[in-house]
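Asker: Can you look at this prediction? I've put the sequence above it.
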Amino acid sequence: MKHLVFVFGTLKEGFPNFSTNKGARLPGNFLTKERYPLHLVGERHSPWMIDKPGEGERIIGQLFAVDQTTLDAMDKLERVSEPDGYRRISIEVENTEASGPSGITAFAYLKRSEQVIDTEVRQGPFCEYTLEHAALHRQRA
């Protein structure tokens with residue numbers, strides 16, 4: 001069974017953790033239906049999309065169809081089983097191209113709002129995690 005995953009940060013094609021993402025990319029770029037805060041957080045400058053729908057910006061990302069093994073690897077990378085990890089939730093996304101599909105439900109990795117410590121926010125909010133942001137990212141030791 002394939003799962004759709006919206007990636008907005010280091011799991012995007014060409015970004016630091018893309019090697020974990022063994023999925024097939026759907027053509028085009030995708031945009032969250034809701035607005036969410038997206039920040040760089042902590043010394044590692046990790047991209048955090050915060051689970052506060054209606055705040056922030058509509059986030060630009062990529063959509064991948066992944067198998068269960070890849071989804072499990074993504075869950076491990078994003079530390080979903082850890083108290084300070086991301087949470088995999090379902091969100092709605094739309095293709096940014098008029099001819100593409102819209103109103104798609106996909107998984108995304110978000111942080112809970114109570115995990116955000118204002119003094120740890122380095123940049124943001126912004127609508128897209130870019131290669132310039134990725135250049136600041138530091139891998140977990």
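Answerer: Done, it's in.
Asker: Please count neighbours and contacts with C-alpha atoms only from this point.
Answerer: OK.
Asker: Over the longest helix seen in the chain, what's the mean pLDDT, rounded is fine.
Answerer: Longest helix in the chain by number of residues (criterion: DSSP state H): helix 68-77. Averaged across helix 68-77, pLDDT comes to 96.
Asker: Could you list the buried residues of that helix?
Answerer: Neighbour-count burial for helix 68-77, counted by 16 or more other C-alpha atoms under 10 Å, picks out 70-71, 74-75.
Asker: now do stretch 33-45
Answerer: 33-42, 45.
Asker: Please apply the same query to stretch 121-136.
Answerer: By 16+ other C-alpha under 10 Å, the buried positions in stretch 121-136 come out as 121-122, 124-129, 133-134.
Asker: picking up where we left off before, which among the buried residues of helix 68-77 gets closest to K52?
Answerer: D75 (20.6 Å; C-alpha to C-alpha).
Asker: Give me the residues contacting the longest helix of the chain.
Answerer: 1-3, 20-23, 81, 88 (C-alpha atoms under 8 Å, 6 or more residues apart in numbering).
Asker: Next step: those residues restricted to strands.
Answerer: In this view, those that belong to strands under DSSP state E are 3, 88.
Asker: Separate out the buried members of the contacts of helix 68-77.
Answerer: Counted by 16+ other C-alpha under 10 Å, those give 20-23, 88 as buried.
Asker: quick one: the helices in this structure?
Answerer: Counting by DSSP H, the helices of the chain are 68-77, 131-134.
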